[in-house]
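>>> Kindly generate the corresponding structure for this input.
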Amino acid sequence: MNYIDTHTHLDFPDFDPDREQVLADSRRLGVRRLLVMGVYRDNWERLWTLVQAHPQLYAAFGLHPIYLEQHRPEHLKELRTWLERLSGHPKCCAVGEIGLDYFISELDRERQQELFEAQLQLAAEFELPVLLHVRRAHAATIATLKRWRLKRAGIIHAFAGSREEAREYIKLGFKLGLGGAATWPQAQRLRRVVTELPREALVLETDAPDMAPSFQAHQRNSPQWLPEIARQLAELRGESAEEFANACLHNSCELFGWPATPMPSG
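Reported below is the predicted structural model:
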């Protein structure tokens, strides 16, 4: 089976000691494409250099709300420059990771909103999907997306909302990213919602090195665990692992305009 990890941070220093081995192991296990997130201006160059060096890797560029205090107005201009320079490049496939975070109380919500909408504007201009970080901000995010109605929509990363919120995102054309969080037995509400989500709206992700699955508790998360995450999610939903993985693969390829086969092998 083939898999796409739609959300990783493989450029982070956590992977510096063994990044090549992680990629080789992931490829051996069928993880053929991995999308690496840009989160602040200073990681874009590192990210792009990494992505260009590996056939498996693809890039998204954005300004993450968690790093709000690091972002400057000129960084939005630089983001536009990056997107202009890489427009049409097959390795640059999204604006992200962007969004709203209401979980961290000290992050100014008005500034977050302004930054979020400025990046939605860029996504609309360059006709790119968006990869959205949403924590305790589903109502504000949905309201914003209803105003923007992006042509290519995107992915709600690490979806942990309600069935009703999922329905609103799906109506707007968004896919819902599922990863290790739903493998934890104590995540009862999330696990219940996951069983009710339509398969045609789901994509797989790890958020590596964060959000480790239950079978790797308190350890660094990695794209290597994606096949086992997929297997456990399929079991939770009462589906065959192959059908579930193939559906998520199809959904990811449809969003990013990739052919499902053949998958990169190098």
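>>> Show me where the stretch 151-266 of the chain has its strands.
154-156, 175-178, 202-204 (DSSP state E, counting those that start in this stretch).
>>> hmm, I was thinking of the stretch 1-150 of the chain
Under DSSP E, counting those that start in this stretch, the stretch 1-150 of the chain gives strands at 3-8, 31-37, 57-61, 92-101, 130-135.
>>> can I assume residue 27 is in contact with residue 57?
No: the criterion here is C-beta atoms under 8 Å, and residue 27 misses it with residue 57 at 10.9 Å. C-betas here are computed from N, CA, C, even on glycine.
>>> can you tell which of the strands of the stretch 1-150 of the chain is closest to residue 117?
Among those, strand 92-101 comes nearest to residue 117, with 9.9 Å by C-beta to C-beta.
>>> how far does that closest one sit from the chain's center?
Relative to its chain's centre, strand 92-101 lies at 8 Å (C-alpha atoms, centre = their mean, to the nearest Å).
>>> where along the stretch 101-250 of the chain do the helices fall?
109-126, 138-148, 163-171, 188-196, 226-237, 241-256 (DSSP state H, counting those that start in this stretch).
>>> Identify all contacting residues around the second one.
Looking back up the chat, that one is helix 138-148. Identification of contacts with helix 138-148 by C-beta atoms under 8 Å, 6 or more residues apart in numbering yields 99-100, 102, 109, 113, 116-117, 120, 124, 132, 134, 156, 161-162, 165, 168-169, 172, 174.
>>> Could I have the buried ones of those as PyMOL selection syntax?
Buried residues among these (16 or more other C-beta atoms under 10 Å), as a PyMOL selection:
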select buried, resi 99+100+102+113+116+120+124+132+134+156+161+165+168+169+172+174
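>>> which residues touch stretch 75-86?
40-41, 44, 61-63, 92, 95, 115, 118-119, 122, 126, 128.
>>> got it, and stretch 210-219?
9, 158, 179-181, 183-185, 220-222, 225, 228-229, 232.
>>> Relative to residue 87, which of those residues is nearest.
Here the nearest of those to residue 87, counting by C-beta to C-beta, is residue 9; it sits at 23.9 Å.
>>> so how many other residues sit close to the residue nearest to the closest one when sequence neighbours are not counted?
Ranked by C-beta to C-beta, 6 or more residues apart in numbering and with sequence neighbours excluded, the top spatial neighbour of residue 9 is residue 37, at 5.7 Å. For residue 37, the count of nearby residues is 26 (other C-beta atoms under 10 Å).
>>> swap in residue 75?
By the other C-beta under 10 Å criterion, the neighbourhood of residue 75 contains 17 residues.
>>> go on, residue 198?
11.
>>> That one contacts residue 170, doesn't it?
Yes: because the distance of 6.9 Å satisfies C-beta under 8 Å, residue 198 is recorded as touching residue 170.
>>> anything in contact with each of these two?
Common contacts of residue 198 and residue 170 (C-beta under 8 Å, 6+ apart): none found.
>>> low pLDDT regions in the protein?
Scanning the chain for pLDDT under 70 picks out the ranges 261-266.
>>> Quick check, central residue of it?
Against the mean C-alpha coordinate of the chain, by C-alpha atoms, centre = their mean, the closest residue is residue 7 at 3.4 Å.
>>> Now that residue. Nearest residue, chain neighbours left out?
residue 205 (3.7 Å).
>>> Next up, the contacts around residue 175.
Taking C-beta under 8 Å, 6+ apart as the test, what residue 175 contacts is 153, 154, 155, 156, 201, 202, 203, 251, 252, 255.
>>> now do residue 14
Per C-beta under 8 Å, 6+ apart, neighbours of residue 14: 209, 220.
>>> if I look at it, how far off is residue 208?
8 Å (C-beta to C-beta, to the nearest Å).
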